[in-house]
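Trainee: model this:
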Amino acid sequence: MAQLTNPIGSQNIVDRFADYVPPAANQGITWGTNAVPFGEMSTAYFGGDTGGKGIGINGNSIGSTGSTIAAQGIYNTVLNETKVYTRIRRMRAVLFVDGGGGNNGSRTTPGVVYDSTAMSHLNDNYQQIISVDQSDLYANNIISAGGLDSLFASMRAVYNTARENTTTIQINVCHASCHSSCHSSRGRR
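Mentor: Residues are numbered from 1 along each chain as shown. The predicted model follows:
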């Protein structure tokens, strides 16, 4: 765990932020580019693997070395980074067989054949809009370690709420085992 220094530096701020939101986001991810709910779901829905997302900011994102660190710059930078993490969220994956007769394999009946919800590392299309109170960070206010920790705890709390917002992705297939039993055999007809 990073400790805030005196004086606080921009990279130190990022290192401290990294103790709050990234660990909350990267825990318990079940589905990602390396683990999809079912074979018919494209990895294009996902923005990374089940290992999670690395931090995408550094000290220069807040301010270059030797420059004055502005409160609004800190807020905007960590808020935008937290928004990126909101794509790691609950996803309900549904596989729906919409074809009639002629189905074969293990999914012979039309209708929902798979319906499960788990934490997923989705792509940027699933990023959410969030806002966080910035009462401790405003122009001409001296930034304190406690104020930064309070802001980062608020970012984590807002993220944790967004994490539980479930998005549903339904994949419709004509029948079970489409690619292996039907479409690949068309060339042999």
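Trainee: flag every buried residue along stretch 160-167.
Mentor: 162, 163, 167 (16 or more other Cβ atoms under 10 Å). For glycine as for every other residue, the C-beta is placed from the backbone atoms N, C-alpha and C.
Trainee: list the contacts of it.
Mentor: 24-25, 86, 88-92, 117, 119, 122, 126, 128, 130 (Cβ atoms under 8 Å, 6 or more residues apart in numbering).
Trainee: and it, how far apart are its ends?
Mentor: Stretch 160-167 has an end-to-end distance of 15 Å (criterion: Cα to Cα, to the nearest Å).
Trainee: for stretch 128-135, same thing?
Mentor: 22 Å.
Trainee: ok now it, how far from the chain's centre?
Mentor: From the chain centre to the centre of stretch 128-135 is a distance of 17 Å (Cα atoms, centre = their mean, to the nearest Å).
Trainee: what lies in contact with it?
Mentor: Contacts of stretch 128-135 (Cβ under 8 Å, 6+ apart): 71, 75, 79, 82-83, 86-87, 89, 151, 154-155, 158-159, 162, 165.
Trainee: before we move on, back to that, quick one: the contacts of stretch 160-167 as JSON lines, columns for neighbour count, secondary structure and distance to residue 44 too.
Mentor: As requested, the contacts of stretch 160-167 are exported to JSON lines (neighbours: other Cβ atoms under 10 Å; DSSP: H, G, I helix; E, B strand; the rest coil; distance: Cβ to Cβ, whole Å):
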{"residue": "24", "neighbour count": "17", "secondary structure": "helix", "distance to residue 44": "26"}
{"residue": "25", "neighbour count": "25", "secondary structure": "helix", "distance to residue 44": "21"}
{"residue": "86", "neighbour count": "21", "secondary structure": "coil", "distance to residue 44": "19"}
{"residue": "88", "neighbour count": "28", "secondary structure": "strand", "distance to residue 44": "17"}
{"residue": "89", "neighbour count": "22", "secondary structure": "strand", "distance to residue 44": "17"}
{"residue": "90", "neighbour count": "17", "secondary structure": "strand", "distance to residue 44": "19"}
{"residue": "91", "neighbour count": "23", "secondary structure": "strand", "distance to residue 44": "14"}
{"residue": "92", "neighbour count": "15", "secondary structure": "strand", "distance to residue 44": "18"}
{"residue": "117", "neighbour count": "16", "secondary structure": "strand", "distance to residue 44": "20"}
{"residue": "119", "neighbour count": "21", "secondary structure": "strand", "distance to residue 44": "19"}
{"residue": "122", "neighbour count": "22", "secondary structure": "strand", "distance to residue 44": "10"}
{"residue": "126", "neighbour count": "19", "secondary structure": "helix", "distance to residue 44": "12"}
{"residue": "128", "neighbour count": "17", "secondary structure": "coil", "distance to residue 44": "19"}
{"residue": "130", "neighbour count": "16", "secondary structure": "coil", "distance to residue 44": "24"}
